[in-house]
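# what follows is a predicted protein model with its sequence.
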Amino acid sequence: DGGITQSPKYLFRKEGQNVTLSCEQNLNHDAMYWYRQDPGQGLRLIYYSQIVNDFQKGDIAEGYSVSREKKESFPLTVTSAQKNPTAFYLCASSINYNEQFFGPGTRLTVL
Amino acid sequence: EDQVTQSPEALRLQEGESSSLNCSYTVSGLRGLFWYRQDPGKGPEFLFTLYSAGEEKEKERLKATLTKKESFLHITAPKPEDSATYLCAVQAGRGSTLGRLYFGRGTQLTVWP
């Protein structure tokens, strides 16, 4: 089955700790995206990548980092510089700049 | 600045009571408008893409329409399983940001029996 997987489903982070969220797709899509979703707010773009080894900052990139070493994978690291990381994180992919397809999400909680 | 506004924020319908959700947008060179459905704790599920004013698309009880300034998601005779948050997003046609989607905050729909 083709699709997007995200892991883990739930993640807990201690103060000052970096954590990495995984996103993998087997749809052969070129573009991949990371969004953050907070209650009552729309999806906000963190980073996106349109091709391997290249990525661009979105609207709220501060405190986050990404890599795109493989077409299938686009991991997101939430660093200790992100002061309010508790949120629902969504990964998406698309082909030819058309509709984006989303993974199931990772819920990150700061302890 | 590209903006997407959805209304109402929340909508409660009785089963069978038809209604519409609105998505108004301001974007330079609309390339596409997208509707998604999101259930609690899950990722958004793609529903429709609309590309030009006058275009309409249907799927079961849902029908999406597009004008030059807004889109409507019409829900005909809804059922409780249609309860979800419906998200609207637009894509601009500018080269440097091609592929980016700008999302509204969503409309939370509740359909009660």
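Sure, I can see it.

# poorly predicted segments of chain A, please.
A:1-2 (pLDDT under 70).

# what segments of it are strands?
Remark: strands assigned in chain A by DSSP state E are A:4-7, A:10-13, A:19-25, A:31-37, A:44-51, A:54-57, A:64-66, A:76-78, A:87-94, A:101-102, A:106-110.

# ok, the residue in chain B that chain A sits nearest to - contacts?
Nearest residue of chain B to chain A (C-beta to the nearest C-beta) works out as B:G43 at 3.6 Å. In this view, the C-beta of every residue, glycine as well, is placed from N, C-alpha and C. Taking C-beta atoms under 8 Å, 6 or more residues apart in numbering or on different chains, we find B:G43 in contact with A:4, A:6, A:90, A:92, A:102-105.

# what do you get for B:T49?
A:98-99, B:32-34, B:57.

# surely B:W35 is in a strand?
Yes. Counting by DSSP: H, G, I helix; E, B strand; the rest coil, B:W35 is part of a strand.

# verify the stated contact: it with B:F72.
No. Using C-beta atoms under 8 Å, B:W35 is not in contact with B:F72, being 9.9 Å away.

# looking at the two, which one has more neighbours?
For B:W35 and B:F72, the more surrounded residue by other C-beta atoms under 10 Å in any protein chain shown is B:W35, and the numbers stand at 25 against 17.

# partner residues bridging the more buried one?
B:F48, B:C88 (DSSP bridges).

# let me see the contact set for it.
B:23, B:47-48, B:50, B:64, B:71, B:73, B:86-88.

# if any of these are buried, give me the ChimeraX selection for them.
Per 16 or more other C-beta atoms under 10 Å in any protein chain shown, the buried members of the contacts of B:W35 correspond to this ChimeraX selection:
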select /B:23,47,48,50,64,71,73,86,87,88
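
# what's the closest of the contacts of B:W35 to B:G106?
B:L87 (4.7 Å; C-beta to C-beta).

# and the closest one, how far is that from B:A64?
As judged by C-beta to C-beta, to the nearest Å, B:L87 and B:A64 stand 12 Å apart.
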